[in-house]
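Participant: Give me coordinates for this.
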Amino acid sequence: MKLKSLLAILFVTAFTLSAAGVKWLETNRWIGNGIIETPAFELRGDEWKLAYTSKSQEVAQLELIDLETGNPLAIVRKSAAGANHSVTMKDNTKGVLKRKVYFRISGSKAGWQTSLNEYVGQIDAYELSRPKKEPKLSKYGIWCGDGGESLTIPITIPAKEWRITVKTDAPGTVSLKCTGAEEKVLADTFVFKPSKTSTWIHTDAGVTITLSAAENTPWTLTIETL
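Facilitator: Numbering: from 1, shown residues only. Modelled structure (predicted):
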């Protein structure tokens, strides 16, 4: 067999395998209530779609935000009349690939879940399907109480990406809110039974954290930075 013919066969075979390997793959899933920000990540697929579902008819807003500039790259808003109380946000990734982005999900206080699917080739599919390593975080501060407290924490974290976690070991509601410049709500969520909830915050500017705990509901608030 001539070298040119062999190279042509190899090229066609590689192209076919590559094309056959392109598929939709779930690359992230988040569950929460109210408003939270997801961790920052890089989109890898030529197209992506974010599916949002909830059991309530509350209006939902999904925003894809550029980490560097803080500007929204895509926004979709669902009215309460949406079929099945679900919405899909989708787009191609021109100009967004390899840039760090995150989602701000303003969803139902009764609880919601989202799944991010990307249209990727074999190599990316293999890398994205491997178990994800948890980011290594450093404790920045810890606050705690026995319940019945309401406190306000004005704070500036010297990091572009950081996480707030609220945990309670007893029944009862502990609410958390984080606002930035011009009272922009970055997070607004709560814990209502022995469990914990987290939200990422993506700013090194000053913010205000407010927490309110029901009586006899011990809680712990932890801030961690990358």
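Participant: And the protein, split by domain according to the record?
Facilitator: If the domains of the chain are taken from automatic domain parsing, they occupy 22-129, 138-225, with pieces of a single domain joined by a plus sign.
Participant: Mind putting those domains into CSV with mean pLDDT and mean neighbour count?
Facilitator: Yep, even glycine has a C-beta here, placed from its N, CA and C like the rest. Below are the domains of the chain laid out as CSV (pLDDT from 0 to 100; neighbours: other C-beta atoms under 10 Å):
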stretch, mean pLDDT, mean neighbour count
domain 22-129, 89, 17
domain 138-225, 96, 16
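Participant: Spatially, what comes nearest to the residue positioned nearest the centre of the chain if we skip its sequence neighbours?
Facilitator: Compute the mean C-alpha point of the chain, and by C-alpha atoms, centre = their mean the closest residue is residue 38, 2.0 Å away. Using C-beta to C-beta, 6 or more residues apart in numbering and skipping residues adjacent in sequence, the residue nearest residue 38 is residue 103, 4.6 Å away.
Participant: That neighbour and residue 29, how far apart?
Facilitator: Distance from residue 103 to residue 29, counting by C-beta to C-beta, to the nearest Å: 12 Å.
Participant: who touches both of these two?
Facilitator: Counting by C-beta atoms under 8 Å, 6 or more residues apart in numbering, the shared contacts of residue 103 and residue 29 are 114, 116.
Participant: which stretches of the chain form helices?
Facilitator: With DSSP state H as the definition, the chain shows helices at residue ranges 3-21, 122-129.
Participant: Between the ones you listed, which has the poorest mean confidence score?
Facilitator: Looking over the helices of the chain, mean pLDDT reaches its minimum on helix 3-21, with a mean of 45.
Participant: For residue 87, see how far away the closest residue to residue 135 other than its chain neighbours is.
Facilitator: What sits nearest to residue 135 in space, not counting adjacent residues and going by C-beta to C-beta, 6+ apart, is residue 226, at 5.9 Å. From residue 226 over to residue 87 the distance is 30 Å, taken as C-beta to C-beta.
Participant: now swap in residue 68 and tell me
Facilitator: Distance of residue 68 to residue 87, computed by C-beta to C-beta: 27 Å.
Participant: if we can go back for a sec, quick check, the residue nearest to residue 38 in contact with residue 66.
Facilitator: No - under the criterion of C-beta atoms under 8 Å, residue 103 makes no contact with residue 66, lying 11.6 Å away.
Participant: Look up the residues forming beta bridges with residue 116.
Facilitator: Taking DSSP bridges as the rule, residue 116 bridges to residue 28, residue 50.
Participant: Alright, that wraps it up for me.
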